[in-house]
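Trainee: Curious how this folds, go ahead:
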Amino acid sequence: MLFGYSRYISEQGKLIIDYIQIAKKLDEYNAYAAANGKPQYKLQDTAHSLGVSENKNMLNWSNYLNQDYKNTELDYLHAAGSYPSEEIDRQAKSIFAGVTTRYIGVDGDRVYSGILGGYLIGNNKNAMPNNGISGLEAHSEANQNINNLKYIYDENNSEQSKVMERTKKLLKLTYPKDSIREFNTIKKDGDGL
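Mentor: Coordinates of the predicted model:
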């Protein structure tokens, strides 16, 4: 198990270095584009669960390498994040030209809201009410987009069709208004929602 974990850490490290290099190249392009009247592009990042921690690691490494991205705006979209999105937003604003962070989670998801009162992982605020679903369902199915299920499940496959219908019911329980997820957005000044 230790070998598998160290391999995961090594692979995650490579991904974070790639992420930093991509952000730096985009920032260089945006500086060129601004100077030459060409369109600039935002860095857009969508992360679920431990992917949110990778965002935090990328920011930490960027700080360590003394890199900033002052020509680039960043949009974060976090679902069931394993690290507080507000803290990531605050840190990103110190090295990017502008940052928008939206996040969502469901009560009972221990990755999102944390273990031992938020001392271990998570510690995010504003969880959606649980409405009787399990912690695993709160972390996985409840973070899906009901409009995208047709791209995930094959309706012609009876087994996948059953899973799709169960996921639709779960989403309707979690988001009773219209089964569509509503993300929390961190204010521009970084003071919560």
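Trainee: Is it correct that residue 126 is in contact with residue 182?
Mentor: No: the criterion here is CB atoms under 8 Å, and residue 126 misses it with residue 182 at 10.2 Å. Just so you know, the C-beta spots here come from the backbone N, C-alpha and C atoms, and that holds for glycine as well.
Trainee: Which one's more surrounded, those two?
Mentor: Higher neighbour count among residue 126 and residue 182: residue 126, with 15 against 11, using other CB atoms under 10 Å.
Trainee: how about that one, secondary structure?
Mentor: coil (DSSP: H, G, I helix; E, B strand; the rest coil).
Trainee: backbone phi and psi for it, please?
Mentor: Main-chain dihedrals, residue 126, degrees, to the nearest 10: phi 60, psi 40.
Trainee: Only alpha carbons, please: show the lowest-mean-pLDDT helix or strand in the chain as PDB.
Mentor: Of all helical and strand segments in the chain, the minimum by mean pLDDT, DSSP states H and E falls on helix 110-113, at a mean of 72. Taking C-alpha atoms only, helix 110-113 is exported to PDB below (Å, rounded to 0.1, in the frame of the first residue of the first chain):
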ATOM      1  CA  ARG A 110     -17.000  13.900   4.900                       C
ATOM      2  CA  VAL A 111     -14.500  15.000   2.200                       C
ATOM      3  CA  TYR A 112     -16.400  18.300   1.800                       C
ATOM      4  CA  SER A 113     -17.300  19.200   5.300                       C
END
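Trainee: what residue is smack in the middle of this protein?
Mentor: residue 78 (2.3 Å; CA atoms, centre = their mean).
Trainee: so what's that residue up against?
Mentor: 47, 48, 52, 55, 85, 88, 101, 102, 103, 104 (CB atoms under 8 Å, 6 or more residues apart in numbering).
Trainee: would you say it is within a helix?
Mentor: No: using three-state DSSP, the secondary structure at residue 78 is strand, not a helix.
Trainee: Tell me the one of the contacts of residue 78 nearest residue 156?
Mentor: residue 48 (26.9 Å; CB to CB).
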